[in-house]
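>>> Here is a sequence together with a model predicted from it:
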Amino acid sequence: MLDRSRNAGRSLAAAALTAALVAVGLAAPVPANAAVSRAELALRWAPIHYQDVDATGSHALGGRSDYITKVDFDGDLNGRNNWDRAGQAGASFAAHAYYSVLETSTHWYITYLFFHPRDWTDHPFFETEHENDGEGVLFAIERDGSTYGVLRSAVSVAHSNFYSYTPAGSTWSGGRENVDGTLQLQASPHDSFLHPVTAQEAQGHGLKAYPQYTINGDGLVYYPSTVAETPSDGNDRDVRYQLVDILGSGGLWAQRANVNLFANLGTFAGDDTGDCGVGTYDCSTNSANAPWGWDDADDLPGRGEIATDPAKLSAEYFTIPGNPSRTYTYNPYASAAAALAEAARTAPPVVD
C-alpha cells in the first residue's frame, strides 16, 4: 500500500515545488530570448520512469535491488563493494539519475543513466547476475528556436541491445535501424511539462520506452525533480528523483580513471564476492557499463558513441530531414576521443 500520509502532504509540497520552479524558469516556459542551461534542459526532458519491482528471494533485498540510486549510495566510489553494501544498514536508496548534455548548432542530445547496485536473478538456471547495473536512454532534441526545443527521438539501452523510438508527430523516421515503437509523453504532478515515459524491468533492468516494459504487480513510478526521495516501499507510485551531471566537477566522467570504480574505460568494476551468484547460475565480474561503454555490437556505431557521438548514432538510426549538424559546440567527451576509440577497439565485449 502507498504511504497515504506522505502522499497527502505531497499536494502541498508539489504546489510549493511548482512555485519554486516557476521562479527559476523550470516549471513554466521562460522568455524565448533567455538562454536555458544544460541542467534545465535535462530536467525538462527527464523521463517519467516506471520501475518494475520483484521482492522474490534474498538477492532482491525485499525489492530494494530494483530501486534506482547513486553510484556512491554507500558513501564511497568503490564499485567492488556495492553488491554487499546494498544489503547493509545505512545504504541510501534516495532516487537519483545521471545525465549529460551535448550540443550542436541544430540539436541537443541528452543521455540519462539509471544505476542499480545489483543486476540479480531469483532462480538457479541459465541467467547470471552481477555487481552494478547501468542502463539508460538518449533523447535527441531539435533546436527549433523555442526555449526547450522539440523532442524528436529516443534510443534506449536494454542489456546489449539498443531500441529506437519516435514520439507521435516526429519528423524523424527509421534509418539504418527500424523504429521500434512510439515514445509516449505523460504529464507530471510536479511541474507543468509533458515528459517522455521510460520503463525498466525488474532484476536485469533492461530499459525501453513504456509500455514495452511496464510494472507487473509491485513497482515504482519516478518523477524528475530537484529533490531525491526514497520509496516508502516497493509499490510507491510517486517518487521524485534528482539529476546528477555526468560531466560536472567530480562527476562520473571525471572519475573515469578511478580504478576502484572502473575496471576499464566505460566498464564499472565489480567482483563476485558475498552472495552474488550463490544459488544462481553464476556471478560475472566487471559486467556493467557507464554511457561511454554502452554498445549494441551488431549495429554500426561504435562502443560508447550513443553518449559520446550521439549525432553520428542518430544519423545511423534515423532518417533526419534538413541538414543536421554533426559538429559539436559542446562535447567534453571529445577530449578523450582517441582513448575511447582505442578502448572500444581493444576491450573485450561487456554483456550487461
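Arrived safely.
>>> Helices of the stretch 51-200 of the chain, start to end?
82-85 (DSSP state H, counting those that start in this stretch).
>>> Find the centremost residue of this structure, please.
Leu113 (2.5 Å; CA atoms, centre = their mean).
>>> and Gln51, how many residues sit next to it?
As a burial measure, Gln51 scores 29 neighbours (other CB atoms under 10 Å). All C-beta atoms are positioned from the backbone trio N, CA, C, and that covers glycine.
>>> and what of Ser105?
Neighbour tally, Ser105, other CB under 10 Å: 10.
>>> Equivalent analysis for Pro117, please.
30.
>>> Also Val197?
Neighbours of Val197 using other CB under 10 Å come to 18.
>>> what's the pLDDT at the closest residue to it other than its chain neighbours?
Leaving aside its sequence neighbours, Val197 sits nearest to Tyr210 (CB to CB, 6 or more residues apart in numbering; 4.1 Å). Per-residue confidence (pLDDT) for Tyr210: 98.
>>> give me the beta-bridge partners of the residue nearest to the centre of the chain?
Tyr98, Gly136 (DSSP bridges).
>>> could you list every residue that touches Gln255?
Counting by CB atoms under 8 Å, 6 or more residues apart in numbering, Gln255 touches Leu77, Leu261, Phe262.
>>> Let's see which of these end up in strands.
Among those, DSSP state E puts Phe262 in strands.
>>> of the contacts of Gln255, closest to Glu103?
Phe262 (25.7 Å; CB to CB).
>>> List the contacts of the closest one.
Gly79, Gln255, Arg256, Phe268, Ala269, Ala290.
>>> try it again with 6 Å
Applying CB atoms under 6 Å, 6 or more residues apart in numbering to Phe262 gives the contacts Ala269.
>>> Against Trp253, how distant is it?
Phe262 sits 11 Å away from Trp253, going by CB to CB, to the nearest Å.
>>> Am I right that Tyr333 falls within a strand?
No: with DSSP: H, G, I helix; E, B strand; the rest coil as the criterion, Tyr333 is located in helix rather than a strand.
>>> helix or strand right after the helix or strand bottoming out on mean pLDDT in the chain?
None of the helices or strands of the chain scores lower by mean pLDDT, DSSP states H and E than helix 4-23, at a mean of 40. Under the assignment DSSP states H and E, the closest C-terminal helix or strand after helix 4-23 is helix 38-45.
>>> What is that next one packed up against?
If you count contacts as 3 or more CB pairs under 6 Å, 6 or more residues apart in numbering; DSSP states H and E, helix 38-45 packs onto strand 96-104, strand 107-119.
>>> deepest of those strands, which one?
Ranked by mean neighbour count, those are led by strand 107-119 with a mean of 26 (mean count of other CB atoms under 10 Å).
>>> Distance from that strand to the middle of the chain?
Here strand 107-119 is found 2 Å from its chain centre; the criterion is CA atoms, centre = their mean, to the nearest Å.
>>> Helix 38-45 and that strand, what's the angle between them?
70 degrees (axes from the mean of the first three to the mean of the last three CA atoms, to 10 degrees).
>>> now the angle between strand 96-104 and strand 107-119, please.
Using the same axes, to 10 degrees: strand 107-119 against strand 96-104 is 150 degrees.
>>> Run through who's touching strand 107-119.
Here strand 107-119 has contacts from 41-42, 45, 65, 68, 71, 82-83, 86, 97-102, 129-130, 133-134, 136-142, 204-205, 291, 307, 310, using CB under 6 Å, 6+ apart.
>>> Show me just the buried residues among the residues you listed.
For these, a burial check counting by 16 or more other CB atoms under 10 Å picks out 41-42, 45, 65, 68, 71, 82-83, 86, 97-102, 129-130, 133-134, 136-142, 204-205, 291, 307, 310.
>>> returning to that earlier point: return the residues in contact with the residue nearest to Val197.
Tyr210 neighbours (CB under 6 Å, 6+ apart): Tyr50, Gln184, Val197, Ala199.
>>> Would you check how far apart it and Asp275 are?
32 Å.
>>> do the same with Phe114
24 Å.
>>> what do you get for Thr171?
50 Å.
>>> How about Ala269?
19 Å.
>>> now Gln203
Counting by CB to CB, the gap from Gln203 to Asp275 is 15 Å.
>>> Can you pick out the residue with more neighbours from those two?
Applying other CB under 10 Å to Gln203 and Asp275 shows that Gln203 carries more neighbours, namely 25 against 15.
>>> which phi and psi does the more buried one have?
Gln203 adopts backbone torsions of phi 70, psi -70, taken as degrees, to the nearest 10.
>>> Tell me who's in contact with it.
Counted by CB under 6 Å, 6+ apart, Gln203 has contacts Asp54, Trp120, Thr121.
>>> do that again at 8 Å, thanks
Asp54, Ser65, Asp66, Asp119, Trp120, Thr121, Asp122.
>>> can you give me the end-to-end distance of stretch 298-305?
This stretch, stretch 298-305, spans 14 Å end to end (CA to CA, to the nearest Å).
>>> again with stretch 295-312
14 Å.
>>> Show me how far it is from its chain's centre.
16 Å.
>>> try stretch 277-294
17 Å.
>>> May I see the buried residues of it?
277, 280, 283-294.
>>> picking up where we left off before, name the member of the contacts of Tyr210 that has the highest neighbour count.
That'd be Ala199 among the contacts of Tyr210, by other CB under 10 Å, with 23 neighbours.
>>> what are the ranges of the strands in the stretch 51-200 of the chain?
Applying DSSP state E, counting those that start in this stretch to the stretch 51-200 of the chain gives strands spanning 96-104, 107-119, 128-142, 150-158, 161-167, 173-174, 181-183, 185-187, 194-200.
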